[in-house]
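Q: could you work out the structure for the sequence below:
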Amino acid sequence: YNPPNNSDFGEITLKVTGDLNANFSGMADFHFLKVLNTENWEVNGHDYKPQTFSITISDIAVNGASQRPKPGTYTIGSSTNADFSAVLTYIPDGDFINTVEYSTSLLSDLAEPAENRGTLTITSSNEDTVKGHFECTAFRTDDDLNIVETIEISGEFTANKRRLD
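A: Reported below is the predicted structural model:
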């Protein structure tokens, strides 16, 4: 992992076990987006050259308020029943055609209750940098929404605020 020169990104490391076993490391940032009546605060992590993974941990609020979390422990699960949801995209050897997506949020919450899928612990949080660690269970489903793979993800990050310049 070699970040771009003079990058303002933080860093993230992940350990994935289960139907996919891998260790990932890369850059991390966070940002807030408001579109009409939807607010979204998220941490993003990925690597590059080649890109082998990306992860998004997000708090999406429709007709509500989403904001940078204060230090504390939050639930990870479905976007409707937990504080945050997580999506891991696995890109084998940078091959985007064979990308596999794992998510904590299932359309009908087919697996165990959403509130039991994981936790996000924020250890420090200010307007420039958010640090924390997390662990969660995520699923890959087929076209009929049957669970076909299950993974456990654990990771830690230091995410810097996304610069839009």
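Q: thought residue 123 was touching residue 134?
A: No - contact criterion CB atoms under 8 Å: residue 123 and residue 134 do not qualify, at 11.0 Å. The C-beta positions use only the backbone N, C-alpha and C, and glycine is treated the same way.
Q: neighbour count: these two, which is higher?
A: The residue with more neighbours, out of residue 123 and residue 134, is residue 134; 23 against 13, by other CB atoms under 10 Å.
Q: and the more buried one, how far from residue 8?
A: Separation of residue 134 from residue 8 (CB to CB, to the nearest Å): 22 Å.
Q: now swap in residue 129 and tell me
A: Separation of residue 129 from residue 8 (CB to CB) stands at 10 Å.
Q: which residues do these two both contact?
A: Common neighbours of residue 129 and residue 8 (criterion: CB atoms under 8 Å, 6 or more residues apart in numbering): 160, 161.
Q: which residues touch the nearest residue to residue 136 once chain neighbours are set aside?
A: Using CB to CB, 6 or more residues apart in numbering and skipping the chain neighbours, the partner closest in space to residue 136 is residue 118 (2.6 Å). Taking CB under 8 Å, 6+ apart, we find residue 118 in contact with 75, 76, 77, 86, 104, 134, 135, 136, 137, 153.
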